[in-house]
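Asker: Prediction below, plus the sequence it came from.
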Amino acid sequence: MGEMTQLLQDFVTNTTKQLVDEPKEVRVGISTSTKAIIMQIQVSKTDCGKIIGKKGRTIEALKHLCLAIKNTNFPQDSRKVLLEVLEDENSGFGYKDKS
């Protein structure tokens, strides 16, 4: 995993753990392609609403912060940053890391 993806994954993991009631349940999967960096956040079922926020404001703010971190530290990288919250307790990470 590259330096940028590790930086983003650590940031999302640590920030998410601060927002939820069950921080031990937080898992963040990351995969990259030529056009996007996709991060999937998995939390306990009771904490999904806290990560998404009212009208999606919390997850959007987290996405904007990740994009700002990427653009500040790696300005030459033009990929998009996508965040997904896995809401189904049976779902696993859908993307495989290719790095």
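Answerer: Alright, I've got the coordinates. Residues are numbered from 1 along each chain as shown.
Asker: rest of the way, CA atoms for contacts and neighbours
Answerer: Fine.
Asker: Contact partners for the spatially closest residue to Leu86 that is not a sequence neighbour?
Answerer: Nearest residue to Leu86 in three dimensions, chain neighbours excluded: Gln42, at 5.2 Å (CA to CA, 6 or more residues apart in numbering). Gln42 is in contact with 25-28, 85-87, counting by CA atoms under 8 Å, 6 or more residues apart in numbering.
Asker: One more pass at 7 Å, please.
Answerer: Counting by CA atoms under 7 Å, 6 or more residues apart in numbering, Gln42 makes contact with 26-28, 85-86.
Asker: beta partners of it?
Answerer: Arg27, Leu86 (DSSP bridges).
Asker: when you give positions from now on, start the count at 861
Answerer: Sure, I'll start numbering at 861, so the last one becomes Gln902.
Asker: Leu868 should be in a helix, yeah?
Answerer: Yes: assessed by DSSP: H, G, I helix; E, B strand; the rest coil, Leu868 belongs to a helix.
Asker: pretty sure it contacts Cys926?
Answerer: Yes: counting by CA atoms under 7 Å, Leu868 touches Cys926, with 6.4 Å between them.
Asker: so which strand or helix has the residue nearest to the spatial centre of the chain?
Answerer: Centroid check for the chain by CA atoms, centre = their mean gives Met899 as the closest residue, at 4.0 Å. In this structure, Met899 sits in strand 896-902 according to DSSP states H and E.
Asker: average model confidence for that strand?
Answerer: In this model, strand 896-902 has a mean pLDDT of 94.
Asker: So what's the residue count around the residue nearest to Leu942 when sequence neighbours are not counted?
Answerer: Nearest non-adjacent residue to Leu942, counting by CA to CA, 6+ apart: Ile898, 4.8 Å away. Neighbours of Ile898 under the rule other CA atoms under 10 Å: 20.
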